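In: all I have is the shape, not the residue letters:
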């Protein structure tokens, strides 16, 4: 790896580890014992969901499955952030996406660079074509994983997809706002175009959703998007989220949301 490649690798890892719980690695680390392959295997999926269930206080299966999707959406944020900020696609091969379970069912991830190499910012047409191809692979990946998890836990796939879409909208909102993350003014254009391809495609897909924007009446918090479906975190019995509603939850009344934001 050249000095320039090493510098970019360190920048990617610094951002993805902090914001998306993703480590980009050249070689497999045994501390990440599971991979997407395990989620598509009946015995492996049962073991993973059972472990998460115990960590969450053994709520109903559909609660575990729904929260799995919320946790997994963090990985998906990392995959697209790696492209939009650093022009570096990460591999979607099932064995190349690995994870471990930590406290309260939270997941940390390990990923590999895709063999296809970096995206260009000098030819937007070529970039858009490559990203559209990556998007199709990503959608198929999620269809397989969510189909398996939904079938085992009873979680609703529509809800699972909505949790991913919400976090991706939130991510791109932050990438637009925090200009200190950009390496050039061109990066802002790249982020906007990537957003349109992934979340506003000409042909609607499972991630093509709209979310209502919320602004605090007194401006005491940055604006954010409200979820269309509850993640069911209030149904779990252990961990920091136990019995609590998220500030983005659609179940909250305006007064309840303000109380959470002001607390």
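Out: Now that the structure is in, tell me what you want to look at. Just so it is clear, the model here is predicted, and its values are computed rather than measured. Numbering: from 1, shown residues only.
In: could I get the full set of strands for the chain?
Out: Applying DSSP state E to the chain gives strands spanning 22-24, 34-35, 98-101, 107-111, 213-214, 224-225.
In: among the ones you listed, which comes closest to residue 121?
Out: Closest approach to residue 121 among the strands of the chain (Cβ to Cβ): strand 22-24, 19.7 Å. C-beta coordinates here come from the backbone N, C-alpha and C atoms, glycine included.
In: returning to what we had before: in a markdown table: the strands of the chain, plus mean neighbour count.
Out: As requested, the strands of the chain are exported to a markdown table (neighbours: other Cβ atoms under 10 Å):
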| stretch | mean neighbour count |
| --- | --- |
| strand 22-24 | 22 |
| strand 34-35 | 19 |
| strand 98-101 | 20 |
| strand 107-111 | 21 |
| strand 213-214 | 14 |
| strand 224-225 | 18 |
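In: so for residue 175, which of the ones you listed sits nearest?
Out: Among the strands of the chain, strand 224-225 sits nearest to residue 175 (Cβ to Cβ), with 13.8 Å.
In: sheet partners, orientation included, of that closest one?
Out: The pairing partners recorded for strand 224-225 under DSSP bridges are strand 213-214 (antiparallel).
In: can you list the weak-confidence ranges in the chain?
Out: Under the criterion pLDDT under 70, the flagged ranges of the chain are 1-7, 239-242.
In: so residue 137 sits right up against residue 92, yeah?
Out: Yes - Residue 137 lies in contact with residue 92 (Cβ atoms under 8 Å); the separation is 4.9 Å.
In: okay, the two: which has more neighbours?
Out: Using other Cβ atoms under 10 Å as the criterion, residue 137 and residue 92 rank with residue 92 on top: 18 against 14.
In: where's that one relative to residue 20, distance?
Out: In this view, residue 92 and residue 20 are 15 Å apart by Cβ to Cβ, to the nearest Å.
In: repeat for residue 191
Out: 16 Å.
In: just to revisit the earlier point, as CSV, the strands of the chain with distance to residue 9 would be great.
Out: Shown next, in CSV, are the strands of the chain (distance: least, Cβ to Cβ, whole Å):
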stretch, distance to residue 9
strand 22-24, 7
strand 34-35, 21
strand 98-101, 18
strand 107-111, 12
strand 213-214, 35
strand 224-225, 31
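In: quick one: which of those strands is nearest residue 66?
Out: Nearest to residue 66 among the strands of the chain is strand 107-111; the distance by Cβ to Cβ comes to 14.2 Å.
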